[in-house]
Structures are given as C-alpha cells and as structure tokens.
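*Asks:* Build me a model from this:
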Amino acid sequence: MVYRTIAIAFLFIYFVALERWRPYQKRPVSSLKENLILGFTSFLFTFAIFKVLAVTLDFPKLQLDTPLLLPTLATIPLLDFVSYIWHRSTHYFNFLWRLHRVHHSDHTLETSSSVRFHFIETSLSLIPRWGCILFCELPLSSVFIFEAVFQASNFFQHANIQLPGRLEKILSLVLVTPSMHRKHHSLIINEQNSNFSTIFSIWDRIFRTYRDNFAETVQTFGLSEMNTRLNWRQLLLLPIKDPSLEDYQ
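*Replies:* Numbering: from 1, shown residues only. Below is the predicted model of the structure:
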C-alpha cells in the first residue's frame, strides 16, 4: 500500500513536470489548488470507507498475496469495464451528473484535473467496483495493481501534454490518450457524452461512444453554463447549487 502510494505520487509529479516541457496549451491560470483540495478530501473519505470495509468484510482473509499474472490480467480489464459503465451513468442520471459536473467544471485540463472529484461521487463509485470485486472474488493484490494502473491512466489522459500525432493514433487503438479524453471535456454536450473509458479505449469502440480528436483541437474546456472559476468551497456545494445562480456567474 505504501509503495503504491509513493509510485502514484511520483507519477503525478512526473506528468506535472512533463506538462511544462511539452504542453498542449500554454495556460496562465491553473486549478491546481482547488483540484488538490478536492482530491485530498476524496482520498480521506474513500480511505475511511476502505478501513470500514476491511474490518466488516475481514479483508485479511481475502487473497492478499503475491500478485499472479493471470488474475491480474483478468482484473484490470474487468474493473476498467465497470468504471466505464459507472462513468457513463454519471452523465446519464441527473443526481450523479450533479456530482460529476464538479469534475467537468474545470476550465483547464491538466494532470491535477484527474483528482478533481466530489468526495460523494468517489465514495459512490466504490459501490459497483467493490461489488464486482466481492462477487467475482478478485484477489486484493490484483485489485491494488488495477488501482495503480487506473490512477496512472487518469494522470495520463488528463495531462496537458502534446504527443506526436502518429504515436497518439497508435496508442489510442488500445489505450485512452490525452487527445481522446480532451474531446470528453469539450463544452459541446454531444462530445462530453463520448470517450468514457479510462484505461482501454476498446469499451468506447464496442459501445459506439468513441470519437477521436485527430482532425481538430479542443481549446476550451468546462461547462457552458459556468462562466467563471469556482473555488473549492463552491465546488463542494455545486451538487446542490444551480450553476445558473448569480454567485456562479
């Protein structure tokens, strides 16, 4: 657990540094502060929930052993598919969208955007994921590897980096790339309702929600109904606020 946390922190710093070296957009304003506050809040809540589950479900008796290749190779795409279904649900059901729009309200798209989630949404996202883990009796060692890969993929797809066009086209055949995910953060609703995958792009291709971003560039991100940036306090209240209210304009 400790080594995984250190590795994730290192990857976060790496992508932040990479954004300065090869940026997709030069942005004078960053949402780093707000994103990190929201990310830390979500981490505290999900960590507390995990501790409760660990005691309630007696996790030590589950298969917390040396990771095996085949279980891990099965666990990663399975949980990635569950995450795809969950992500689509957050855009389909109004209650979930009110939570998820905290993530989409970012006017920039950068590595820190990957942790810009309301703590209630991150807590609710544990239900389908851990339901699948327990139902399929997935080994915890493989689950922890998935979580690390999942978070690394989130950093990568949100990063404000410019990849060589040919490389990105090749990678997008299998993986979700920054260009592919930028389309999802477009101001245009139809484009927001596409490219829901996190690790593997295959889910969008199978369920016909895939849209590439190679022939054009997305330069403006956020929500069309919000004209200004929100501080972290406003973001925490956003699920119960109408974004058309004056204090958000």
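
*Asks:* tell me the SS of Tyr210?
*Replies:* coil (DSSP: H, G, I helix; E, B strand; the rest coil).

*Asks:* wait, it sits on Ser194?
*Replies:* Yes - Tyr210 lies in contact with Ser194 (CB atoms under 8 Å); the separation is 6.8 Å. (Glycine included, C-beta is placed from N, CA and C.)

*Asks:* where do the contact lists of these two overlap?
*Replies:* Listed contacts common to Tyr210 and Ser194 are Asp204; contacts here mean CB atoms under 8 Å, 6 or more residues apart in numbering.

*Asks:* Now the element after the helix or strand encompassing Arg101, going C-ward?
*Replies:* In this assignment (DSSP states H and E), Arg101 forms part of helix 94-104. Proceeding N to C from helix 94-104, the next assigned helix or strand is helix 119-124, under DSSP H and E.

*Asks:* List every C-alpha atom in that following helix, with coordinates, as PDB.
*Replies:* What follows is helix 119-124, C-alpha atoms only, in PDB (Å, rounded to 0.1, in the frame of the first residue of the first chain):
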ATOM      1  CA  PHE A 119     -16.000  13.200  -2.400                       C
ATOM      2  CA  ILE A 120     -19.600  11.900  -2.600                       C
ATOM      3  CA  GLU A 121     -19.000  10.800  -6.100                       C
ATOM      4  CA  THR A 122     -15.800   9.000  -5.400                       C
ATOM      5  CA  SER A 123     -17.500   7.300  -2.400                       C
ATOM      6  CA  LEU A 124     -20.400   6.100  -4.500                       C
END
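
*Asks:* So which bits of the helix holding Arg101 are buried?
*Replies:* Within helix 94-104, the residues that count as buried by 16 or more other CB atoms under 10 Å are Leu96, Arg98, Leu99, His100, Arg101, Val102, His103, His104.
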